[in-house]
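Novice: Provide a 3D model corresponding to the input given below.
(one chain, ligands or ions: 2)
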Amino acid sequence: MQSLYRIAVLAGDGIGPEVTAEAVKVLKAIEEIVGPSFRFQSGLIGGCALDQTASPLPAETISICGNSHAVLLGAVGGPQWDSKRPELRPEQGLLQLRQRLGLYVNLRPVRVIDSLAGISALKADRVRGTDLVIVRELMGGIYFGNPRGIFAKDGERMGVNTEIYREHEVERVAHRAFQLARLRRRKVTSVDKANVLESSRLWREVVTRIGRSYPDVELRHLYVDNCAMQLIDKPTSFDVVLTNNMFGDILSDEAAMLTGSIGLLPSASLGEHSALYEPIHGSAPDIAGRNRANPIASMASAALMLRYSLRMETAAAAIEAAIERVLKRGVRTAELPGKKRPTTTTRMGDLIAEVTQKILKSAHSRRR
Ligand code: IPM
Ligand code: MG
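Specialist: Ligands and ions are numbered 1, 2, ... in the order given. Next up is the predicted model:
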């Protein structure tokens with residue numbers, strides 16, 4: 001008997017609702033094959049939450065998420081909220097939710113799908129075979145350190161932020177990276193700026209110490225500037241990339257471009273008791289509401305949810321295989337080059353849901 005999982009759906013702003021609807025579509029398609037599995041409950045976050053409740057993260061949303069096995073999120077933000085006070089920006093909703101749910105590690109897998117190697121910003125030969133995961137620390141560093149603010153001093157204003165890492169914050173995310181590496185190619189690259197920053201020097205020391213408990217995993221350290229260069233020069237040389245909140249934010253957008261489109265990439269944010277899954281792309285207000293956005297990142301995020309939170313590996317792998325198959329057939333959304341008549345968000349979602357069902361059905365009949 002399949003358990004029933006409660007899933008919080010926070011569609012958010014811009015293209016968030018459109019792409020999240022396709023992720024829900026594929027999950028419902030899976031239910032048709034394996035039986036009732038999910039109970040969806042939606043909540044507000046970001047700009048739409050600000051408009052309706054004056055808070056980017058209403059209390060009701062926190063309680064919905066707290067009562068769920070996993071959270072599926074779309075995207076937050078948009079130009080109409082840019083002028084808001086910092087604590088009233090849509091992004092605050094997401095940053096606060098990461099804190100409230102204790103999501104200290106963010107996994108961002110970047111895999112170049114063979115049939116799409118040609119659309120990469122780099123030459124196909126260079127990116128083919130790229131298969132890495134960025135493990136980004138998500139609850140610490142300069143995003144949250146105090147003091148912070150804009151202060152007056154000596155007749156002018158100064159903007160202040162503080163990068164802080166405590167040992168336990170580095171330890172727990174480092175363990176996650178080494179454990180993940182054991183399921184992959186057993187190679188961790190830890191990224192810091194230890195030639196300049198004390199917080200990075202501590203980071204490197206702690207990662208080296210934790211690494212001793214994983215003698216079967218190879219550990220190397222790179223400075224972040226060098227890593228930014230190596231990602232372009234030798235993307236296939238990376239397996240697990242472990243880094244802090246700020247560097248991880250930047251490097252994951254850079255790494256996304258190896259695949260040619262940020263519209264393809266999912267992410268998982270994990271804590272001890274909660275997990276949140278979201279595309280790494282933003283709310284793309286310029287194409288919102290036009291049925292043009294690529295739903296693949298959101299659907300792939302649903303696959304990560306099945307894998308990491310709900311232990312439904314067969315279904316997770318079926319979504320991922322379906323995405324590859326549909327892309328291999330040449331189906332393309334508008335942001336992917338090479339099609340005069342690109343397909344729509346909903347059509348892409350339909351196709352992937354259909355193929356997912358087909359794959360699952362044949363897996364089931366083989367088992368019988
Ligand atoms: C990301 C985003 C967020 C971040 C923003 C929206 C707060 O860029 O998830 O990468 O900086 O973490
Ligand atoms: Mg980012």
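Novice: quick one, longest helix in this structure?
Specialist: Longest helix of the chain, by residue count under DSSP state H: helix 345-367.
Novice: mind exporting that one as PDB, just the C-alpha atoms?
Specialist: What follows is helix 345-367 as a C-alpha-only set of coordinates in PDB (Å, rounded to 0.1, in the frame of the first residue of the first chain):
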ATOM      1  CA  THR A 345       4.600  25.200 -21.500                       C
ATOM      2  CA  THR A 346       1.400  23.000 -21.200                       C
ATOM      3  CA  ARG A 347       2.200  20.900 -24.300                       C
ATOM      4  CA  MET A 348       5.800  20.200 -23.000                       C
ATOM      5  CA  GLY A 349       4.200  19.200 -19.700                       C
ATOM      6  CA  ASP A 350       1.600  16.900 -21.400                       C
ATOM      7  CA  LEU A 351       4.300  15.100 -23.400                       C
ATOM      8  CA  ILE A 352       6.600  14.600 -20.400                       C
ATOM      9  CA  ALA A 353       3.600  13.400 -18.200                       C
ATOM     10  CA  GLU A 354       2.500  11.000 -21.000                       C
ATOM     11  CA  VAL A 355       6.000   9.500 -21.500                       C
ATOM     12  CA  THR A 356       6.500   9.200 -17.700                       C
ATOM     13  CA  GLN A 357       3.300   7.100 -17.500                       C
ATOM     14  CA  LYS A 358       4.500   4.900 -20.400                       C
ATOM     15  CA  ILE A 359       7.800   4.300 -18.700                       C
ATOM     16  CA  LEU A 360       6.100   3.500 -15.400                       C
ATOM     17  CA  LYS A 361       3.600   1.200 -16.900                       C
ATOM     18  CA  SER A 362       6.300  -0.900 -18.600                       C
ATOM     19  CA  ALA A 363       8.300  -1.000 -15.300                       C
ATOM     20  CA  HIS A 364       5.200  -2.200 -13.500                       C
ATOM     21  CA  SER A 365       4.300  -4.900 -16.100                       C
ATOM     22  CA  ARG A 366       7.900  -6.100 -16.000                       C
ATOM     23  CA  ARG A 367       7.700  -6.500 -12.300                       C
END
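Novice: Give me the contacts around that helix.
Specialist: 15, 18-19, 21-22, 25-26, 28-30, 32-34, 291-296, 299, 314-315, 318-319, 321-323, 325-326, 331, 333, 343 (C-beta atoms under 8 Å, 6 or more residues apart in numbering). For glycine as for every other residue, the C-beta is placed from the backbone atoms N, C-alpha and C.
Novice: Can you show me the helices along the stretch 151-300 of the chain?
Specialist: Per DSSP state H, counting those that start in this stretch, the stretch 151-300 of the chain carries helices over the ranges 167-182, 198-211, 224-233, 245-256, 296-308.
Novice: Would you format the ones you listed as a markdown table with distance to Asp114, mean pLDDT and mean neighbour count included?
Specialist: Converted to a markdown table, these look like this (distance: least, C-beta to C-beta, whole Å; pLDDT from 0 to 100; neighbours: other C-beta atoms under 10 Å):
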| stretch | distance to Asp114 | mean pLDDT | mean neighbour count |
| --- | --- | --- | --- |
| helix 167-182 | 23 | 98 | 19 |
| helix 198-211 | 32 | 98 | 18 |
| helix 224-233 | 19 | 98 | 16 |
| helix 245-256 | 17 | 96 | 20 |
| helix 296-308 | 15 | 98 | 26 |
